[in-house]
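Asker: generate a structure from the sequence data that follows.
(2 chains)
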There are 2 protein chains.
Amino acid sequence: MQKALEEAQVARRQEEIPVGAIIVCRGRIIARAHNMTETLNDPTAHAEMQAITSACYTLGGKYLDQCTLYVTLEPCPMCAGALAWAQLGRLVYAASDPKRGFTLVPGSLLHPKTKVTPGVLSAEAGELIKDFFAGKR
Amino acid sequence: MQKALEEAQVARRQEEIPVGAIIVCRGRIIARAHNMTETLNDPTAHAEMQAITSACYTLGGKYLDQCTLYVTLEPCPMCAGALAWAQLGRLVYAASDPKRGFTLVPGSLLHPKTKVTPGVLSAEAGELIKDFFAGKR
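Answerer: You can find the predicted model right below:
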């Protein structure tokens, strides 16, 4: 998650909402990504989406069932839906997103086999986002 | 929708699940796309996602509130979540997806302002998908 926070810092330096993601497969980092919605003018360019595309490219397959995604903010429904298609093995996220998080949607948008660990380094990740928006005001 | 069906035919010729999408803005087609999950080895490469990215690139902005998306199959939760971020003006879809459609999720995953028209040319679109899976067996 420390590496995901570093990615979030990269996003912040680019004036992006600071969210970072890392995908680990069998002990190796296979994807690093950060939010790029402003840079790419693309509302789908969330950190998780970039990380999924990158990890699948590296693995040469569409499934991430042997992988763990570390992301600094709770995924939104779009990203949760993407993680379901990828059949992600494990999701670890830092800060909760009380406005846009996937856990606000009844039922689960994730694949039934995906294990979820929330709250890892959530204070650091939450602070980063709070500071970003405070700086925008 | 006829144009979206043509895109779905392109997908079928590439051994992809035949789903096509078109985005229209002020009477002009600004994006054409089809499912490319197999070709790109990317579970996020649905027709709608490709169309959103392409349309935003063309418009130079992240919002599609002046646009209509025509898609041959009911969007999944990932795509509905993406359409929410894009604040899509109007969604027109053909066949319903009784297993993976976004309408299976309680509440709405779309933006509250998005107008929805289901069932346009649904027989043709449904037939295309049914034939594709029949050919796979």
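
Asker: going by C-alpha atoms from here, please, whenever you check contacts or count neighbours.
Answerer: Will do.

Asker: could you check the pLDDT of A:Gly135?
Answerer: Looking at A:Gly135, its pLDDT is 85.

Asker: so which strand or helix has it?
Answerer: helix A:122-136 (DSSP states H and E).

Asker: run through who's touching that helix.
Answerer: The contact list for helix A:122-136 (CA atoms under 8 Å, 6 or more residues apart in numbering or on different chains) reads A:5, A:12, A:17-19, A:72-73, A:93-96.

Asker: want to throw those residues into a markdown table with neighbour count and distance to B:Thr44?
Answerer: Formatted as a markdown table, the contacts of helix A:122-136 follow (neighbours: other CA atoms under 10 Å in any protein chain shown; distance: CA to CA, whole Å):
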| residue | neighbour count | distance to B:Thr44 |
| --- | --- | --- |
| A:Leu5 | 25 | 24 |
| A:Arg12 | 20 | 25 |
| A:Ile17 | 22 | 21 |
| A:Pro18 | 29 | 22 |
| A:Val19 | 30 | 19 |
| A:Thr72 | 36 | 20 |
| A:Leu73 | 28 | 19 |
| A:Tyr93 | 24 | 20 |
| A:Ala94 | 23 | 23 |
| A:Ala95 | 23 | 24 |
| A:Ser96 | 20 | 23 |
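
Asker: which of those residues sits closest to B:Gln66?
Answerer: The closest of the contacts of helix A:122-136 to B:Gln66 turns out to be A:Ile17 (CA to CA; 24.8 Å).

Asker: can you give the distance of the helix holding A:Gly135 from its chain's centre?
Answerer: Computed by CA atoms, centre = their mean, to the nearest Å, the chain-centroid distance of helix A:122-136 equals 16 Å.

Asker: what of stretch A:53-70?
Answerer: The chain centre lies 13 Å from the centre of stretch A:53-70; the measure is CA atoms, centre = their mean.

Asker: part of a helix, is A:Tyr70?
Answerer: No: under DSSP: H, G, I helix; E, B strand; the rest coil, A:Tyr70 sits outside any helix and is assigned strand.

Asker: what about it, neighbour count?
Answerer: A count of nearby residues for A:Tyr70, using other CA atoms under 10 Å in any protein chain shown, gives 28.

Asker: separation between it and B:Thr37?
Answerer: 23 Å (CA to CA, to the nearest Å).

Asker: please apply the same query to A:Leu5.
Answerer: Counting by CA to CA, the gap from A:Leu5 to B:Thr37 is 29 Å.

Asker: just to revisit the earlier point, same question for the helix holding A:Gly135: list its buried residues.
Answerer: Residues A:122, A:125-126, A:128-129, A:132 are the ones in helix A:122-136 that count as buried (16 or more other CA atoms under 10 Å in any protein chain shown).

Asker: closest to chain B among the contacts of helix A:122-136?
Answerer: Closest approach to chain B among these (CA to the nearest CA): A:Ile17, at 14.1 Å.

Asker: does that closest one touch A:Asn35 like I think?
Answerer: Yes: judged on CA atoms under 8 Å, A:Ile17 makes contact with A:Asn35 at a distance of 6.7 Å.

Asker: joint contacts of the two?
Answerer: Counting by CA under 8 Å, 6+ apart, the common neighbours of A:Ile17 and A:Asn35 are A:Ala11.

Asker: tell me the pLDDT at A:Pro118?
Answerer: A:Pro118 carries a pLDDT value of 97.

Asker: also A:His34?
Answerer: For A:His34, pLDDT reads 98.

Asker: ok, back up a step: so can I have JSON lines of the contacts of helix A:122-136 showing secondary structure and distance to A:Val116?
Answerer: Below are these laid out as JSON lines (DSSP: H, G, I helix; E, B strand; the rest coil; distance: CA to CA, whole Å):
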{"residue": "A:Leu5", "secondary structure": "helix", "distance to A:Val116": "18"}
{"residue": "A:Arg12", "secondary structure": "helix", "distance to A:Val116": "26"}
{"residue": "A:Ile17", "secondary structure": "coil", "distance to A:Val116": "23"}
{"residue": "A:Pro18", "secondary structure": "coil", "distance to A:Val116": "21"}
{"residue": "A:Val19", "secondary structure": "coil", "distance to A:Val116": "18"}
{"residue": "A:Thr72", "secondary structure": "strand", "distance to A:Val116": "14"}
{"residue": "A:Leu73", "secondary structure": "strand", "distance to A:Val116": "13"}
{"residue": "A:Tyr93", "secondary structure": "strand", "distance to A:Val116": "8"}
{"residue": "A:Ala94", "secondary structure": "strand", "distance to A:Val116": "11"}
{"residue": "A:Ala95", "secondary structure": "strand", "distance to A:Val116": "13"}
{"residue": "A:Ser96", "secondary structure": "coil", "distance to A:Val116": "13"}
